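In: coords below, sequence missing:
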């Protein structure tokens, strides 16, 4: 899986934008005004940071050495994920959950605006 596949998958979701708020190498995907995925474009192997339910986060970290608490982020809710060796379905499930959790945290007005766009 490469960065373009992740980018295309994210951009297919409603209300998603891509930004570079930190530097020219860290792509941040947002739904509305809130980030749900970060990806270091120059980092090898390719990795992403995603938000996950705390219980699932603990389970994922136990089962997969590629998944750890995200550096400089709330480790209860955010995971750093090295994509090498992980199944495509699992990666997409983590992205979906991150998007859904962040979307649900938006105001009702922002959710309606995105849903109706």
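Out: It's in. Please read all numbers here as calculations on a predicted model, not as lab measurements.

In: list the contacts of the most centrally placed residue in the chain.
Out: By C-alpha atoms, centre = their mean, the chain has its centre lying nearest to residue 37, at 2.8 Å. Counting by C-beta atoms under 8 Å, 6 or more residues apart in numbering, residue 37 makes contact with 6, 10, 28, 29, 48, 49, 50, 95, 98, 99. Every C-beta, even on glycine, is put in place using the N, C-alpha and C of the backbone.

In: how close does it sit to residue 81?
Out: 10 Å (C-beta to C-beta, to the nearest Å).

In: what do those two both touch?
Out: 48, 49, 50.

In: of these, which belong to strands?
Out: 48, 49, 50 (DSSP state E).

In: list of residues touching the lengthiest helix in the chain?
Out: Longest helix in the chain, counting residues (DSSP state H): helix 88-105. For helix 88-105, contacts defined as C-beta under 8 Å, 6+ apart pick out 1, 6, 9-10, 13, 15-16, 31-32, 34-37, 48, 50-53, 56, 60, 77, 79, 81, 83, 111, 114.

In: how many neighbours does residue 48 have?
Out: Close neighbours of residue 48, defined as other C-beta atoms under 10 Å, add up to 25.

In: for it, report the pLDDT, please.
Out: Here the pLDDT value assigned to residue 48 is 97.

In: burial count for residue 98?
Out: Residue 98, neighbours per other C-beta under 10 Å, totals 25.

In: how about residue 46?
Out: Residue 46 has 18 nearby residues by other C-beta under 10 Å.

In: how deep is residue 92 tucked in, by neighbour count?
Out: Neighbour number of residue 92 under other C-beta under 10 Å is 14.

In: cool, residue 28 as well?
Out: Neighbour number of residue 28 under other C-beta under 10 Å is 16.

In: give the contact list for the closest residue in space to residue 67 that isn't next to it in sequence.
Out: For residue 67, ignoring the flanking residues on the chain, the nearest one in space by C-beta to C-beta, 6 or more residues apart in numbering is residue 60 at 4.6 Å. Residues near residue 60 by C-beta under 8 Å, 6+ apart: 52, 67, 79, 94.
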